[in-house]
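Trainee: Provide a 3D model corresponding to the input given below.
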Amino acid sequence: MNTDRPIIVFGAGSFASLSAHVLTHDAQRRVLGFTVDSAHLHSATHDGLPVYPFETLDEHVRPADCEILVALGYLRINGLREARCAQAETMGYDLASYVSRYARVAAGTPIGRNGQIYENAILQPHARLGADVIVRAGANIGHHSSVGDHSFIASGVVTGGNVAIGQRCFIGLGAIIRDGVRLGDRCFIGAGTVVTGNVEADAVYVGNPARRLGKTSLEVTQ
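Mentor: Modelled structure (predicted):
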């Protein structure tokens, strides 16, 4: 990653606006504009910057001249963000990452491509994050815990130590994950849920203590 290059933000909604703001004012990166799938391009500008069709982005900004940050949430249990990251790389673009200067990240913690770590987040020693992991404001990832690729950790989440979160998981606002718990791939943990035991893949859990709902994680994030 070359931090001298400006950034194109994928998205044109509120999360993209947030990402562009923190990149500009916190990370002091230059944002050139936004890009979206042409089917969702409803305006030529967003927040005063141009919006380009993703399919023809290289006709407007060459891969050598910028990086891309994919600022999408947990739609399709994070699958849409995963797909757009892969497409951007196939097109020759490098993926940017963002770590707030107000976050507390233990020395030596690797941040993968398209990683986004927001203000007041805490990554304790020996925590490990995969690629394309979003950790929102005030979340605390405990020591020796791991978060799989393409996961979304919402604001205020707290994990104990030695927690293993699978790939493409969503952990909602203020959820608590007890130490040593294992969360299967693509699980959805609702806001405020308290998880004290292992969680199955593709499942939806809510409440205190956590209970499983009948729907799948894909069904609740379409």
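Trainee: Burial check on the residue nearest to residue 92 when sequence neighbours are not counted, number of neighbours?
Mentor: Once flanking residues are discounted, residue 92 sits nearest to residue 63: 3.7 Å by Cβ to Cβ, 6 or more residues apart in numbering. For the C-beta atoms, the positions are set from N, CA and C on the backbone; glycine is no exception. Per other Cβ atoms under 10 Å, the neighbour tally for residue 63 reads 16.
Trainee: Residue 63 is in contact with residue 94, isn't it?
Mentor: Yes - taking contacts as Cβ atoms under 8 Å, residue 63 lies within contact range of residue 94: 7.5 Å.
Trainee: and residue 4, how many neighbours?
Mentor: Residue 4, neighbours per other Cβ under 10 Å, totals 8.
Trainee: show me what contacts residue 70?
Mentor: With contact taken as Cβ atoms under 8 Å, 6 or more residues apart in numbering, residue 70 is in contact with 10, 11, 81, 84, 85, 88, 95, 114, 132.
Trainee: what separates the spatially most central residue of the chain from residue 178, distance-wise?
Mentor: Centroid-nearest residue in the chain: residue 134, 2.6 Å away (criterion: Cα atoms, centre = their mean). In this structure, residue 134 and residue 178 are 22 Å apart, going by Cβ to Cβ, to the nearest Å.
Trainee: Likewise for residue 54?
Mentor: 40 Å.
Trainee: Could you check which of the two has the larger neighbour count?
Mentor: residue 54 (22 against 17).
Trainee: residue contacts, the more buried one?
Mentor: 10, 35, 36, 37, 38, 84, 87.
Trainee: so what does whatever helix or strand residue 21 lives in touch, helix or strand wise?
Mentor: Assigning secondary structure by DSSP states H and E places residue 21 in helix 14-25. Applying 3 or more Cβ pairs under 8 Å, 6 or more residues apart in numbering; DSSP states H and E, we find helix 14-25 packed against strand 7-10, strand 31-36, strand 98-99.
Trainee: Now the residue lying farthest from the centre of the chain: phi and psi?
Mentor: Most distant residue from the mean C-alpha position of the chain: residue 59, 27.1 Å away (Cα atoms, centre = their mean). Main-chain dihedrals, residue 59, degrees, to the nearest 10: phi -80, psi -20.
Trainee: Next one: it from residue 132, what distance?
Mentor: Look at residue 59 and residue 132: by Cβ to Cβ, they are 25 Å apart.
Trainee: Then residue 102?
Mentor: Remark: distance between residue 102 and residue 132 (Cβ to Cβ) = 22 Å.
Trainee: The two - which one has more neighbours?
Mentor: Using other Cβ under 10 Å as the criterion, residue 102 and residue 132 rank with residue 132 on top: 27 against 13.
Trainee: Against residue 165, how distant is the residue nearest to the more buried one when sequence neighbours are not counted?
Mentor: Spatial nearest neighbour of residue 132, chain neighbours left out: residue 114 (4.2 Å); criterion: Cβ to Cβ, 6+ apart. Separation of residue 114 from residue 165 (Cβ to Cβ): 17 Å.
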